[in-house]
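*Asks:* Requesting a structural model of the entry that follows:
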Amino acid sequence: MMRSAHSSLLAAALAASVTVGLGGSAFAQAGAPATPPAAQAAPADPVVATVNGTPIHASEVLIAMEDIGAGLPPQLQGPQREEYVLSFLSDMTLLAKAAEAQKLDQTPDFQRRVAYARTKALMETMMQQVAKSAVTDELKRKTYDEFVKSAPPEPEVRARHILVDDEAKAKDIAKKAKAGEDFVKLAKENSKDSAEDGGDLGYFTKEQMVPEFAEAAFKLEKGQVSDPVKSQFGWHIIKVEDKRQKPVPTFQQVEDQVEQYLVRKAQADMVTKLRADAKMEKAAAPAPAPAPAPADPAKK
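*Replies:* Modelled structure (predicted):
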């Protein structure tokens, strides 16, 4: 969906470095700059809001979007999503300043949390850096080509079926189908499954179907109709429409999966190497305190 630059806080900030002030529970936009936006050099990290004089930068909005974005309602999109995140940042800034006023930033617990957050942020930044360097167009194409070469040919069958509960009924339908009656018509009139599609199951591999059905379907030649086949779902009459080798997906179809594979592999390889080179020791568990001696009943 298209939207104008004026409808987005971030877009407006990047274009004209708009500063927003906190007024009550709503944000009030500051007046327009004296010179036209085109005549100004947009800052690399513009201020999008101020809270009691503390600036909030566009980069902070992006970081907050990464942090809390997955938990936001999916219907919250575009400018509304940015406004929500900006409100979250403003409240966080107010609370952080209140904590500083009470010197909570000087407590040991806070320092431990800062150290943990720093370590976590460094880990995530490192993983992102590895992800960026792990993926190139050349490597994606090479990985895809290797997959195509190593993938064994896999047969597929396209079939229709008619599913009924009763064996006698299944035998009667199979007899009619083998005699040349329209299989699609028989499926629409009798089948408990895929009746509206004339029993069409599309193409499938052997592993995609229950064993009894798969064995029967893959033994049939194109155009043949099976005898009734019993499975956990009932009695099937199967007609094979076509047989082929499963087509290899194009590079464009699996490019995203290839990229995800390369990223995960590079990150896992890095962690494995770091573990192999690391010296990790666990502190010994503290010895249990001795049990108190039983009270002497003779003493009072």
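*Asks:* Kindly provide the distance from residue 159 to residue 150.
*Replies:* Note on residue 159: its distance to residue 150, by C-beta to C-beta, to the nearest Å, is 28 Å. Every C-beta, even on glycine, is put in place using the N, C-alpha and C of the backbone.
*Asks:* Comparing these two, which residue is more hemmed in?
*Replies:* residue 159 (27 against 7; other C-beta atoms under 10 Å).
*Asks:* Longest strand of the protein, counting residues only.
*Replies:* Taking DSSP state E as the criterion, the chain has its longest strand at strand 234-245.
*Asks:* Show me what that one packs onto, helices and strands only.
*Replies:* strand 155-164, helix 167-178, strand 200-204, helix 211-219, strand 229-231 (3 or more C-beta pairs under 8 Å, 6 or more residues apart in numbering; DSSP states H and E).
*Asks:* right, and the secondary structure at the spatially most central residue of the chain would be what?
*Replies:* With distances taken as C-alpha atoms, centre = their mean, residue 70 lies nearest the centre of the chain, 10.1 Å away. Here residue 70 is recorded as helix under DSSP: H, G, I helix; E, B strand; the rest coil.
*Asks:* Highest mean neighbour count out of the helices and strands packed on strand 234-245?
*Replies:* strand 155-164 (a mean of 22; mean count of other C-beta atoms under 10 Å).
*Asks:* Using PDB, write out the CA atom coordinates for it.
*Replies:* The C-alpha trace of strand 155-164 is given here as PDB (Å, rounded to 0.1, in the frame of the first residue of the first chain):
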ATOM      1  CA  PRO A 155       9.200 -40.000  -8.900                       C
ATOM      2  CA  GLU A 156       5.800 -38.400  -8.500                       C
ATOM      3  CA  VAL A 157       2.400 -39.600  -9.400                       C
ATOM      4  CA  ARG A 158      -0.700 -37.600 -10.200                       C
ATOM      5  CA  ALA A 159      -3.800 -39.500  -9.200                       C
ATOM      6  CA  ARG A 160      -7.500 -39.200  -8.400                       C
ATOM      7  CA  HIS A 161      -9.200 -41.300  -5.800                       C
ATOM      8  CA  ILE A 162     -12.700 -42.200  -4.500                       C
ATOM      9  CA  LEU A 163     -13.000 -42.800  -0.800                       C
ATOM     10  CA  VAL A 164     -15.900 -44.700   0.700                       C
END
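*Asks:* what angle separates it from strand 234-245?
*Replies:* Strand 155-164 and strand 234-245 are oriented at 160 degrees to each other (axes from the mean of the first three to the mean of the last three C-alpha atoms, to 10 degrees).
*Asks:* Give me the mean pLDDT for strand 155-164.
*Replies:* In this model, strand 155-164 has an average pLDDT of 97.
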